[in-house]
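Chemist: only geometry, no sequence info:
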């Protein structure tokens, strides 16, 4: 957050996706179906990886905010690391 490599909130994230600044999208599992569908569609259109993970209380707390359901990672290396972490987690669950 402090490094400016993360954006949050629906409108801000849509802007970052449309301006091709988002490298990865994370949507909380308890986001509305409409929000999940909207960002899944934007992800496919823009060829940006998306992960639907965690509850908004947990994900919001992890960045020091309240009630945020959508996050856009803006840094390529940061996005690669998060993507690898999700892939490792997926492999551990299966």
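Modeler: Thanks, I have the structure now. Predicted model only: the values in this text are computed from it and were never measured.

Chemist: which residues touch the residue nearest in space to the middle of the chain?
Modeler: Using C-alpha atoms, centre = their mean, the residue of the chain that lies closest to the mean C-alpha position is residue 26, 1.9 Å off. Residues near residue 26 by C-beta atoms under 8 Å, 6 or more residues apart in numbering: 50-54, 59, 70-73, 82. All C-beta atoms are positioned from the backbone trio N, CA, C, and that covers glycine.

Chemist: Same question for residue 31.
Modeler: For residue 31, the contacting residues are 52, 56, 69-70, by C-beta under 8 Å, 6+ apart.

Chemist: And the pLDDT at it?
Modeler: Looking at residue 31, its pLDDT reads 95.

Chemist: Which strand or helix spans residue 89?
Modeler: Assigned by DSSP states H and E, residue 89 falls within helix 76-93.

Chemist: Regarding residue 7, what is its secondary structure?
Modeler: strand (DSSP: H, G, I helix; E, B strand; the rest coil).

Chemist: give me the number of residues near it?
Modeler: 21 (other C-beta atoms under 10 Å).

Chemist: Contact partners for it?
Modeler: Applying C-beta under 8 Å, 6+ apart, one finds that residue 7 lies in contact with 13, 16, 21-22, 71-72, 74.

Chemist: Tell me how far residue 87 lies from residue 80.
Modeler: To residue 80, residue 87 is 10 Å away according to C-beta to C-beta, to the nearest Å.

Chemist: More neighbours: those two, which one.
Modeler: Remark: of residue 87 and residue 80, residue 80 carries more neighbours, 14 against 11, as counted by other C-beta under 10 Å.

Chemist: Distance-wise, check the more buried one relative to residue 23.
Modeler: Taken as C-beta to C-beta, the span from residue 80 to residue 23 is 8 Å.

Chemist: same question, residue 43
Modeler: 11 Å.

Chemist: cool, residue 81 as well?
Modeler: Applying C-beta to C-beta to residue 81 and residue 23 gives a distance of 11 Å.

Chemist: More neighbours: the two, which one.
Modeler: Of the pair residue 81 and residue 23, residue 23 is the one with more neighbours under other C-beta under 10 Å, namely 20 against 13.
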